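In: Next come a sequence and a model predicted from it.
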Amino acid sequence: MLAKPLSYLWLAAALCASASALADTAVDHYGQLSIKGNRIVDQQLQPVSLAGPSLFWSNSGWGADKYYNAEVVNYIQEQWNAPIIRAAIGAGANGGMLTHADENIAKAEAVIDAAINQGMYVILDWHAHHAEDHAEEAIAFFEYFARKYGEQPNIIYEIYNEPLADTDWQTVIKPYAEKLIRSIRAIDPDNLIIVGTQTWSQDVDKAADDPITGYANIAYTLHFYAGTHKGELRKKAQYALDKGIALMVTEWGTVNANGDGEVDRSSTEQWMEFLKSNQLSHANWALNDKAEGASILKNTTAANGPWSDSDLTESGVYVKSIVKGWNDIDYSGDE
């Protein structure tokens, strides 16, 4: 007589556990991220792969900063089931941190606060091509955010978006990165730091041959645009992984490297297979309405949604399907 009631109790417990799992946000589910070998892992030390979008340059006067708001972050989590978003805070160009620091800090805070409220991870990106020329400003920027948010597991520091082809890894990028890492680690000992690599963050093989040592939880940036970058770049990435460094694709596009052109679905699918097989996290460029192929939103799309698929570009609809289908986990946090 006890078997049947016990079986019901077991089923009820299982259903409650399942409901609890569904109610977890991404940060509830994965917790503190870290590096184990050549993988980004969760609080259980299991490899984790996250997918979401990157915002466009935050620079004042460029038009994309209107999307740096909580409504956009909420939309991406609730409609795309995205566990991660990237804030590309413009550094060196006009309208960025060097000329409009307070405005850009406020934009970053708006995105970070919304991501924390949604239980999402957020990549804080020093979006520059000559970061080594303004290392002290970068240090001050990351120290400020490390003090404010460093105790939260949500934040990921991307300290140099895209060094140029002639910016040498060994003599320029690596020393810059070590200086930034030292400053961040004095405040925040745990959260991931992502280091840009030479040639618009493609030469991950050079970083693998001469990696940064002495610090935990360091990964390296790989960027690609499917219309331009094919198997040769994947070979570089595989070489880097085989050498033992962890990678994160903090920026990628479905189109050409100039941000424009047609969606290259065949190449994108090859890249997605590579990212899946190597358990790499990634952020698509870009959540913006600029009239170019890489934009997720059609031109003049409202700044705070809500948006339907009719508001998305061809790339936007395609990327939404990739992000929503990336993991079979509901990050909504709904009970």
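Out: Happy to help now that I have it.
In: Could you measure from the closest residue to residue 272 other than its chain neighbours over to residue 191?
Out: Closest residue to residue 272 apart from its sequence neighbours, by Cβ to Cβ, 6 or more residues apart in numbering: residue 322 at 6.3 Å. To be clear about C-beta, it is placed using only N, CA and C from the backbone, and glycine gets the same treatment. Going from residue 322 to residue 191 by Cβ to Cβ, to the nearest Å gives 26 Å.
In: Which residue of those two possesses the greater neighbour count?
Out: Set side by side, residue 322 and residue 191 show more neighbours around residue 191, with 23 against 17, by other Cβ atoms under 10 Å.
In: And the more buried one, how far from residue 142?
Out: 11 Å.
In: Identify the contacts common to the two.
Out: Common neighbours of residue 191 and residue 142, using Cβ atoms under 8 Å, 6 or more residues apart in numbering, are residue 157.
In: The residue nearest to residue 170 when sequence neighbours are not counted: neighbour count?
Out: Excluding the flanking residues, the one nearest residue 170 by Cβ to Cβ, 6+ apart is residue 210, at 5.6 Å. Residue 210: 10 surrounding residues under other Cβ under 10 Å.
In: Check residue 274 too.
Out: 17.
In: Give me the secondary structure label for the closest residue in space to it that isn't next to it in sequence.
Out: The shortest distance from residue 274 to any non-neighbouring residue, by Cβ to Cβ, 6+ apart, is to residue 234 (5.3 Å). Three-state assignment for residue 234 (DSSP: H, G, I helix; E, B strand; the rest coil): helix.
In: Now that residue 234 has come up, it's in contact with residue 272, right?
Out: No - in this structure, residue 234 is not within contact of residue 272 by Cβ atoms under 8 Å, at 11.5 Å.
In: coming back round to it: can you give me every residue that contacts the residue nearest to residue 272?
Out: 51, 272, 284.
In: any idea which element it lies in?
Out: Residue 322 is part of helix 314-324, with elements assigned from DSSP states H and E.
In: Tell me how far that helix lies from the chain's centre.
Out: 16 Å (Cα atoms, centre = their mean, to the nearest Å).
In: Equivalent analysis for stretch 218-236, please.
Out: Taking mean C-alpha positions (Cα atoms, centre = their mean), stretch 218-236 and its chain are 15 Å apart.
In: can I get the CA coordinates of that stretch in PDB?
Out: C-alpha atoms of stretch 218-236 as PDB (Å, rounded to 0.1, in the frame of the first residue of the first chain):
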ATOM      1  CA  ILE A 218      42.400  34.500 -18.200                       C
ATOM      2  CA  ALA A 219      41.000  33.700 -21.600                       C
ATOM      3  CA  TYR A 220      41.800  35.100 -25.100                       C
ATOM      4  CA  THR A 221      39.600  36.800 -27.700                       C
ATOM      5  CA  LEU A 222      38.800  35.300 -31.100                       C
ATOM      6  CA  HIS A 223      36.800  37.400 -33.600                       C
ATOM      7  CA  PHE A 224      35.500  36.200 -36.900                       C
ATOM      8  CA  TYR A 225      33.100  37.300 -39.700                       C
ATOM      9  CA  ALA A 226      31.700  34.300 -41.500                       C
ATOM     10  CA  GLY A 227      31.700  35.900 -45.000                       C
ATOM     11  CA  THR A 228      35.500  36.600 -44.800                       C
ATOM     12  CA  HIS A 229      37.000  34.200 -42.300                       C
ATOM     13  CA  LYS A 230      36.900  30.500 -43.000                       C
ATOM     14  CA  GLY A 231      38.900  27.300 -42.300                       C
ATOM     15  CA  GLU A 232      42.300  28.900 -41.900                       C
ATOM     16  CA  LEU A 233      41.100  31.000 -38.900                       C
ATOM     17  CA  ARG A 234      39.500  27.900 -37.400                       C
ATOM     18  CA  LYS A 235      42.900  26.100 -37.700                       C
ATOM     19  CA  LYS A 236      44.500  29.000 -35.700                       C
END
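In: all strands for the chain, in order.
Out: 34-36, 39-41, 51-55, 84-90, 121-127, 155-158, 193-195, 218-225, 247-253, 282-287 (DSSP state E).
In: helices or strands next to the second one in the packing?
Out: Going back to what we said before, that points to strand 39-41. strand 34-36 (3 or more Cβ pairs under 8 Å, 6 or more residues apart in numbering; DSSP states H and E).
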